[in-house]
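Asker: Please find the sequence and the predicted model below.
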Amino acid sequence: MKNKKVLVVLGGTSGEREVSLDSGRACIKALRKIGYKISIFDPKKKSFNLIDKNKTDVIFNALHGKYGEDGVAQSYFECLRIPYTHSGVISSYNAMNKIISKEIFKKNKIKSPEYFVLQKQDYKKTKLVQSIKSKKIKFPIVVKPINEGSSIGVRICKNIRDLNKSTKSLFKEYIELIFEPYIGGQEIQVAVINGEPLGAIELEPKRKFYDYKAKYNSNSKTEHIIPIKIKKSLLNKVLSIAFKAHKSIGCRGVTRSDFKFYKNKFYLLEINTQPGMTNLSLVPEIARYYNISFKNLIKWIINDSSINR
(Lines give C-alpha, C1' and ligand atoms only; values in the text may rest on other atoms or scores of the structure.)
Protein backbone atom coordinates (compact mmCIF):
# COMPACT_ATOMS: atom_id res chain seq x y z
CA MET A 1 0.00 0.00 0.00
CA LYS A 2 1.42 3.33 -1.08
CA ASN A 3 0.14 5.21 2.01
CA LYS A 4 2.56 3.18 4.10
CA LYS A 5 4.76 5.33 6.37
CA VAL A 6 8.35 4.18 5.95
CA LEU A 7 11.09 5.20 8.36
CA VAL A 8 14.52 4.95 6.72
CA VAL A 9 17.19 4.36 9.35
CA LEU A 10 20.60 5.39 8.04
CA GLY A 11 24.00 6.77 9.04
CA GLY A 12 24.77 5.55 12.53
CA THR A 13 28.13 5.59 14.28
CA SER A 14 30.09 2.76 12.64
CA GLY A 15 33.07 3.08 10.33
CA GLU A 16 30.62 2.47 7.48
CA ARG A 17 28.55 5.58 8.20
CA GLU A 18 29.23 7.24 4.83
CA VAL A 19 28.29 4.08 2.92
CA SER A 20 25.10 3.82 4.97
CA LEU A 21 24.23 7.45 4.17
CA ASP A 22 24.76 6.76 0.44
CA SER A 23 22.64 3.59 0.62
CA GLY A 24 19.94 5.39 2.56
CA ARG A 25 19.74 8.29 0.13
CA ALA A 26 19.40 5.94 -2.85
CA CYS A 27 16.66 3.98 -1.07
CA ILE A 28 14.81 7.16 -0.05
CA LYS A 29 14.78 8.31 -3.66
CA ALA A 30 13.32 4.96 -4.81
CA LEU A 31 10.78 4.82 -1.98
CA ARG A 32 9.53 8.31 -2.81
CA LYS A 33 9.16 7.35 -6.48
CA ILE A 34 7.02 4.38 -5.42
CA GLY A 35 4.83 6.73 -3.40
CA TYR A 36 5.57 5.86 0.24
CA LYS A 37 5.53 8.54 2.94
CA ILE A 38 9.13 8.82 4.08
CA SER A 39 10.73 9.95 7.33
CA ILE A 40 14.41 9.69 8.20
CA PHE A 41 16.16 8.57 11.39
CA ASP A 42 19.90 8.74 12.11
CA PRO A 43 20.87 6.91 15.33
CA LYS A 44 23.99 9.07 15.57
CA LYS A 45 21.70 12.00 16.34
CA LYS A 46 18.93 10.25 18.31
CA SER A 47 18.56 7.08 20.37
CA PHE A 48 16.61 4.21 18.83
CA ASN A 49 14.06 4.39 21.65
CA LEU A 50 12.96 7.81 20.31
CA ILE A 51 11.48 6.22 17.19
CA ASP A 52 7.77 7.06 17.14
CA LYS A 53 5.96 3.78 16.50
CA ASN A 54 2.67 5.62 15.96
CA LYS A 55 4.14 7.38 12.93
CA THR A 56 5.91 4.35 11.45
CA ASP A 57 4.45 1.37 9.57
CA VAL A 58 7.77 -0.08 8.36
CA ILE A 59 11.44 0.48 9.13
CA PHE A 60 13.80 0.30 6.16
CA ASN A 61 17.14 -0.54 7.75
CA ALA A 62 19.86 1.09 5.64
CA LEU A 63 22.51 0.92 8.37
CA HIS A 64 25.86 -0.81 7.84
CA GLY A 65 28.41 -2.11 10.30
CA LYS A 66 28.35 -2.11 14.10
CA TYR A 67 24.99 -1.55 15.78
CA GLY A 68 23.23 -1.57 12.41
CA GLU A 69 23.72 -5.11 11.12
CA ASP A 70 24.89 -7.00 14.18
CA GLY A 71 21.54 -7.46 15.93
CA VAL A 72 21.57 -4.29 18.03
CA ALA A 73 19.28 -2.15 15.82
CA GLN A 74 17.15 -5.21 15.13
CA SER A 75 16.65 -5.71 18.89
CA TYR A 76 15.23 -2.20 19.19
CA PHE A 77 12.94 -2.73 16.20
CA GLU A 78 11.63 -5.96 17.74
CA CYS A 79 11.01 -4.23 21.09
CA LEU A 80 9.08 -1.49 19.28
CA ARG A 81 7.12 -4.19 17.41
CA ILE A 82 7.58 -2.34 14.11
CA PRO A 83 8.07 -4.47 10.98
CA TYR A 84 11.58 -4.01 9.57
CA THR A 85 13.64 -5.11 6.59
CA HIS A 86 16.53 -7.57 6.19
CA SER A 87 17.59 -10.21 8.72
CA GLY A 88 16.54 -10.55 12.35
CA VAL A 89 18.40 -10.24 15.65
CA ILE A 90 20.14 -13.62 15.90
CA SER A 91 20.91 -14.11 12.21
CA SER A 92 22.34 -10.57 11.97
CA TYR A 93 24.58 -11.17 14.98
CA ASN A 94 25.74 -14.56 13.72
CA ALA A 95 26.50 -13.27 10.22
CA MET A 96 28.40 -10.23 11.50
CA ASN A 97 30.53 -12.27 13.91
CA LYS A 98 33.12 -13.93 11.68
CA ILE A 99 33.93 -16.65 14.22
CA ILE A 100 30.32 -17.75 14.71
CA SER A 101 29.53 -17.61 10.99
CA LYS A 102 32.62 -19.67 10.14
CA GLU A 103 31.61 -22.33 12.66
CA ILE A 104 28.10 -22.43 11.16
CA PHE A 105 29.63 -22.78 7.68
CA LYS A 106 31.85 -25.63 8.91
CA LYS A 107 28.89 -27.41 10.54
CA ASN A 108 27.00 -27.20 7.25
CA LYS A 109 29.98 -28.38 5.18
CA ILE A 110 30.49 -25.01 3.48
CA LYS A 111 34.17 -24.48 2.68
CA SER A 112 35.70 -21.36 4.25
CA PRO A 113 39.37 -20.46 4.88
CA GLU A 114 41.01 -22.05 7.95
CA TYR A 115 41.41 -19.60 10.80
CA PHE A 116 42.50 -18.93 14.35
CA VAL A 117 41.59 -16.18 16.80
CA LEU A 118 43.70 -14.15 19.22
CA GLN A 119 42.49 -11.88 21.99
CA LYS A 120 44.32 -8.71 22.94
CA GLN A 121 44.96 -9.89 26.51
CA ASP A 122 46.63 -13.09 25.25
CA TYR A 123 48.73 -11.55 22.50
CA LYS A 124 52.42 -12.40 22.22
CA LYS A 125 54.51 -12.75 19.08
CA THR A 126 55.47 -16.29 20.13
CA LYS A 127 51.80 -17.26 20.49
CA LEU A 128 51.10 -15.80 17.05
CA VAL A 129 53.87 -17.93 15.51
CA GLN A 130 52.66 -21.05 17.36
CA SER A 131 49.10 -20.53 16.12
CA ILE A 132 50.28 -20.15 12.53
CA LYS A 133 52.26 -23.39 12.77
CA SER A 134 49.52 -25.39 14.53
CA LYS A 135 46.94 -24.38 11.92
CA LYS A 136 49.48 -24.85 9.10
CA ILE A 137 48.55 -21.47 7.64
CA LYS A 138 50.94 -20.08 5.04
CA PHE A 139 51.66 -16.47 4.11
CA PRO A 140 50.21 -14.19 2.92
CA ILE A 141 47.92 -14.07 5.95
CA VAL A 142 44.84 -11.91 6.41
CA VAL A 143 44.21 -10.39 9.84
CA LYS A 144 40.98 -8.53 10.59
CA PRO A 145 38.50 -7.64 13.34
CA ILE A 146 35.84 -10.26 14.01
CA ASN A 147 32.88 -7.90 13.54
CA GLU A 148 33.54 -5.22 10.94
CA GLY A 149 32.24 -4.97 7.37
CA SER A 150 33.31 -3.31 4.11
CA SER A 151 36.88 -4.63 4.63
CA ILE A 152 37.43 -2.14 7.48
CA GLY A 153 40.52 -3.11 9.48
CA VAL A 154 41.59 -5.82 7.02
CA ARG A 155 45.35 -6.28 6.59
CA ILE A 156 47.12 -8.65 4.20
CA CYS A 157 50.55 -9.58 5.51
CA LYS A 158 53.39 -11.17 3.52
CA ASN A 159 55.59 -12.22 6.45
CA ILE A 160 55.69 -12.49 10.23
CA ARG A 161 57.16 -9.01 10.61
CA ASP A 162 54.24 -7.42 8.72
CA LEU A 163 51.75 -9.59 10.59
CA ASN A 164 53.15 -8.72 14.01
CA LYS A 165 53.10 -5.00 13.15
CA SER A 166 49.52 -5.15 11.83
CA THR A 167 48.35 -7.18 14.81
CA LYS A 168 49.79 -4.69 17.29
CA SER A 169 48.21 -1.82 15.38
CA LEU A 170 44.76 -3.44 15.24
CA PHE A 171 44.85 -4.37 18.93
CA LYS A 172 44.94 -0.64 19.72
CA GLU A 173 41.34 -0.49 18.50
CA TYR A 174 39.99 -4.05 18.76
CA ILE A 175 40.08 -6.70 21.49
CA GLU A 176 39.76 -9.77 19.26
CA LEU A 177 41.19 -10.56 15.82
CA ILE A 178 40.79 -13.37 13.33
CA PHE A 179 43.63 -14.72 11.17
CA GLU A 180 43.25 -16.73 7.96
CA PRO A 181 45.25 -17.48 4.80
CA TYR A 182 44.80 -15.12 1.88
CA ILE A 183 42.92 -16.96 -0.86
CA GLY A 184 43.74 -15.94 -4.42
CA GLY A 185 41.65 -16.57 -7.51
CA GLN A 186 38.40 -15.09 -8.77
CA GLU A 187 36.36 -12.75 -6.58
CA ILE A 188 32.69 -13.77 -6.88
CA GLN A 189 29.66 -12.28 -5.13
CA VAL A 190 26.23 -13.93 -5.02
CA ALA A 191 22.88 -12.30 -4.26
CA VAL A 192 20.07 -14.22 -2.58
CA ILE A 193 16.58 -12.69 -2.65
CA ASN A 194 13.05 -13.94 -2.10
CA GLY A 195 14.30 -17.21 -0.65
CA GLU A 196 16.40 -18.19 -3.67
CA PRO A 197 19.74 -17.33 -5.29
CA LEU A 198 19.32 -14.57 -7.86
CA GLY A 199 22.71 -14.46 -9.58
CA ALA A 200 26.43 -13.76 -9.31
CA ILE A 201 28.91 -11.10 -10.31
CA GLU A 202 32.69 -11.30 -10.66
CA LEU A 203 35.05 -8.53 -9.56
CA GLU A 204 38.47 -7.68 -10.94
CA PRO A 205 39.94 -5.02 -8.64
CA LYS A 206 42.78 -2.91 -10.02
CA ARG A 207 43.96 -2.51 -6.42
CA LYS A 208 45.77 -5.39 -4.68
CA PHE A 209 42.53 -6.64 -3.19
CA TYR A 210 38.85 -5.71 -3.00
CA ASP A 211 39.13 -3.32 -0.04
CA TYR A 212 37.01 -0.37 1.15
CA LYS A 213 38.25 1.95 -1.62
CA ALA A 214 37.74 -0.69 -4.30
CA LYS A 215 34.17 -1.17 -3.08
CA TYR A 216 33.03 2.43 -2.73
CA ASN A 217 35.37 4.71 -4.69
CA SER A 218 34.27 5.19 -8.31
CA ASN A 219 37.90 6.00 -9.24
CA SER A 220 39.15 2.59 -8.06
CA LYS A 221 38.23 1.10 -11.48
CA THR A 222 37.18 -2.30 -10.15
CA GLU A 223 35.75 -4.17 -13.13
CA HIS A 224 32.33 -5.77 -12.60
CA ILE A 225 31.77 -8.82 -14.81
CA ILE A 226 28.34 -10.33 -15.34
CA PRO A 227 27.75 -13.04 -16.40
CA ILE A 228 30.77 -14.40 -14.56
CA LYS A 229 33.52 -16.26 -16.41
CA ILE A 230 32.95 -19.83 -15.19
CA LYS A 231 31.11 -22.89 -16.48
CA LYS A 232 27.36 -23.02 -15.94
CA SER A 233 27.74 -26.07 -13.68
CA LEU A 234 30.13 -24.10 -11.45
CA LEU A 235 27.82 -21.09 -11.46
CA ASN A 236 24.97 -23.31 -10.28
CA LYS A 237 27.24 -24.71 -7.60
CA VAL A 238 28.19 -21.32 -6.14
CA LEU A 239 24.56 -20.17 -6.26
CA SER A 240 23.63 -23.31 -4.32
CA ILE A 241 26.35 -22.71 -1.71
CA ALA A 242 25.21 -19.09 -1.22
CA PHE A 243 21.63 -20.23 -0.71
CA LYS A 244 22.79 -22.88 1.78
CA ALA A 245 24.74 -20.23 3.71
CA HIS A 246 21.73 -17.88 3.71
CA LYS A 247 19.53 -20.66 5.13
CA SER A 248 22.08 -22.00 7.63
CA ILE A 249 22.61 -18.55 9.20
CA GLY A 250 18.82 -18.04 9.23
CA CYS A 251 18.86 -14.91 7.07
CA ARG A 252 15.82 -13.10 5.72
CA GLY A 253 15.29 -10.68 2.84
CA VAL A 254 18.34 -9.94 0.70
CA THR A 255 21.88 -11.17 1.36
CA ARG A 256 25.18 -11.10 -0.51
CA SER A 257 27.76 -13.85 -0.09
CA ASP A 258 31.43 -13.17 -0.88
CA PHE A 259 33.43 -16.01 -2.43
CA LYS A 260 36.86 -16.76 -3.78
CA PHE A 261 37.18 -19.39 -6.52
CA TYR A 262 40.67 -20.89 -6.32
CA LYS A 263 42.03 -24.18 -7.69
CA ASN A 264 38.54 -25.28 -8.66
CA LYS A 265 37.13 -24.74 -5.15
CA PHE A 266 34.75 -22.11 -3.80
CA TYR A 267 35.69 -20.53 -0.47
CA LEU A 268 32.98 -18.54 1.31
CA LEU A 269 34.60 -15.54 3.00
CA GLU A 270 31.48 -14.07 4.60
CA ILE A 271 27.77 -13.37 4.21
CA ASN A 272 26.34 -9.84 4.33
CA THR A 273 22.85 -9.35 5.73
CA GLN A 274 22.74 -5.63 4.87
CA PRO A 275 24.23 -5.45 1.35
CA GLY A 276 24.98 -1.97 0.05
CA MET A 277 22.45 -0.05 -2.00
CA THR A 278 24.76 2.61 -3.47
CA ASN A 279 25.38 3.32 -7.16
CA LEU A 280 28.39 0.98 -6.99
CA SER A 281 26.64 -1.75 -4.98
CA LEU A 282 26.57 -5.29 -6.27
CA VAL A 283 23.11 -6.61 -5.34
CA PRO A 284 21.31 -3.86 -7.32
CA GLU A 285 23.66 -4.52 -10.25
CA ILE A 286 22.91 -8.25 -10.19
CA ALA A 287 19.19 -7.48 -9.93
CA ARG A 288 19.39 -5.14 -12.95
CA TYR A 289 20.99 -7.88 -15.01
CA TYR A 290 17.97 -10.07 -14.25
CA ASN A 291 15.55 -7.26 -15.18
CA ILE A 292 14.71 -6.25 -11.61
CA SER A 293 14.80 -2.46 -11.40
CA PHE A 294 16.19 -0.75 -8.31
CA LYS A 295 12.70 0.55 -7.54
CA ASN A 296 11.20 -2.96 -7.71
CA LEU A 297 14.05 -4.37 -5.60
CA ILE A 298 13.35 -1.78 -2.88
CA LYS A 299 9.61 -2.41 -3.14
CA TRP A 300 10.17 -6.15 -2.63
CA ILE A 301 12.38 -5.49 0.41
CA ILE A 302 9.62 -3.33 1.95
CA ASN A 303 6.92 -5.93 1.22
CA ASP A 304 9.10 -8.60 2.84
CA SER A 305 9.39 -6.66 6.13
CA SER A 306 8.06 -8.16 9.37
CA ILE A 307 8.76 -8.64 13.07
CA ASN A 308 9.96 -11.88 14.69
CA ARG A 309 12.56 -12.28 11.93
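Answerer: That came in fine, so what should we check first? Residues are numbered from 1 along each chain as shown.

Asker: Which parts of this protein are strands?
Answerer: Taking DSSP state E to define them, one finds strands in the chain at 5-9, 37-41, 58-61, 116-119, 141-145, 155-157, 176-181, 186-193, 196-204, 223-225, 255-262, 265-272.

Asker: pLDDT of the second one, averaged?
Answerer: To tie it back to what came earlier, the one meant is strand 37-41. Averaged across strand 37-41, the pLDDT comes to 97.

Asker: what residues does that strand touch?
Answerer: Contacts to strand 37-41, defined as CB atoms under 8 Å, 6 or more residues apart in numbering, come from residues 3-10, 24, 28, 31-32, 51, 55-56. Placement of C-beta: from N, CA and C, glycine included.

Asker: same thing with the fifth one?
Answerer: Contacting residues not belonging to strand 141-145 are listed as 98, 113, 132, 151-157, 163, 166-167, 170, 173-174, 176-182 [CB under 8 Å, 6+ apart].

Asker: So what pairs up with the residue positioned nearest the centre of the chain in the strands?
Answerer: By CA atoms, centre = their mean, the mean C-alpha position of the chain lies nearest to N272, the distance being 2.6 Å. Under DSSP bridges, the beta-bridge partners of N272 are R256.

Asker: again, but for F116
Answerer: Beta bridges link F116 to F179, judged by DSSP bridges.

Asker: want to throw the strands of the chain into TSV with distance to G71?
Answerer: Formatted as TSV, the strands of the chain follow (distance: least, CB to CB, whole Å):
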stretch	distance to G71
strand 5-9	14
strand 37-41	18
strand 58-61	12
strand 116-119	20
strand 141-145	16
strand 155-157	26
strand 176-181	17
strand 186-193	19
strand 196-204	24
strand 223-225	30
strand 255-262	15
strand 265-272	14
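
Asker: most tightly surrounded among the ones you listed?
Answerer: Most buried of the strands of the chain by mean neighbour count (mean count of other CB atoms under 10 Å) is strand 58-61; its value is a mean of 26.

Asker: quick one, helices of the stretch 51-200 of the chain?
Answerer: Counting by DSSP state H, counting those that start in this stretch, the stretch 51-200 of the chain has helices at residues 72-80, 89-96, 98-107, 125-135, 160-170.

Asker: And the ones you listed: which comes nearest H246?
Answerer: Nearest of the helices of the stretch 51-200 of the chain to H246, taken as CB to CB: helix 89-96 at 9.3 Å.

Asker: other SSEs contacting the closest one?
Answerer: Counting contacts by 3 or more CB pairs under 8 Å, 6 or more residues apart in numbering; DSSP states H and E, helix 89-96 packs against helix 72-80, helix 98-107, helix 232-249, strand 265-272.

Asker: If you count neighbours, what's buried in that helix?
Answerer: If you call a residue buried by 16 or more other CB atoms under 10 Å, then helix 89-96 has these buried ones: 89, 91-96.

Asker: Mind listing residues that contact it?
Answerer: Helix 89-96 is contacted from outside by 69-71, 74-75, 78, 86-87, 100-101, 104, 147, 149, 249-252, 255, 270-274, 309, using CB under 8 Å, 6+ apart.

Asker: what about 6 Å?
Answerer: Identification of contacts with helix 89-96 by CB atoms under 6 Å, 6 or more residues apart in numbering yields 69-71, 74-75, 100-101, 147, 249-251, 271, 273.

Asker: Quick check: mean pLDDT of it?
Answerer: pLDDT averaged over helix 89-96 gives 97.

Asker: Tell me the one among the buried residues of helix 89-96 nearest to S14.
Answerer: Closest approach between these and S14, by CB to CB: M96, at 10.7 Å.

Asker: Name the nearest residue to the closest one, ignoring sequence neighbours.
Answerer: The shortest distance from M96 to any non-neighbouring residue, by CB to CB, 6 or more residues apart in numbering, is to D70 (4.0 Å).

Asker: need the contact list for that neighbour.
Answerer: 92-93, 96.

Asker: and it, what pLDDT?
Answerer: On pLDDT, D70 comes in at 95.

Asker: if I look at it, how far off is S248?
Answerer: Applying CB to CB, to the nearest Å, the value for D70 to S248 is 18 Å.

Asker: now K107, nearest residue through space, not along the chain?
Answerer: With CB to CB, 6+ apart, the residue lying closest to K107 is S248, at 7.6 Å.

Asker: number of nearby residues for that neighbour?
Answerer: S248 is flanked by 18 other residues according to other CB atoms under 10 Å.

Asker: got a markdown table for the helices and strands packed on helix 89-96, with distance to K136 too?
Answerer: Listed next are the helices and strands packed on helix 89-96 as a markdown table, based on distance: least, CB to CB, whole Å:
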| stretch | distance to K136 |
| --- | --- |
| helix 72-80 | 36 |
| helix 98-107 | 16 |
| helix 232-249 | 24 |
| strand 265-272 | 16 |
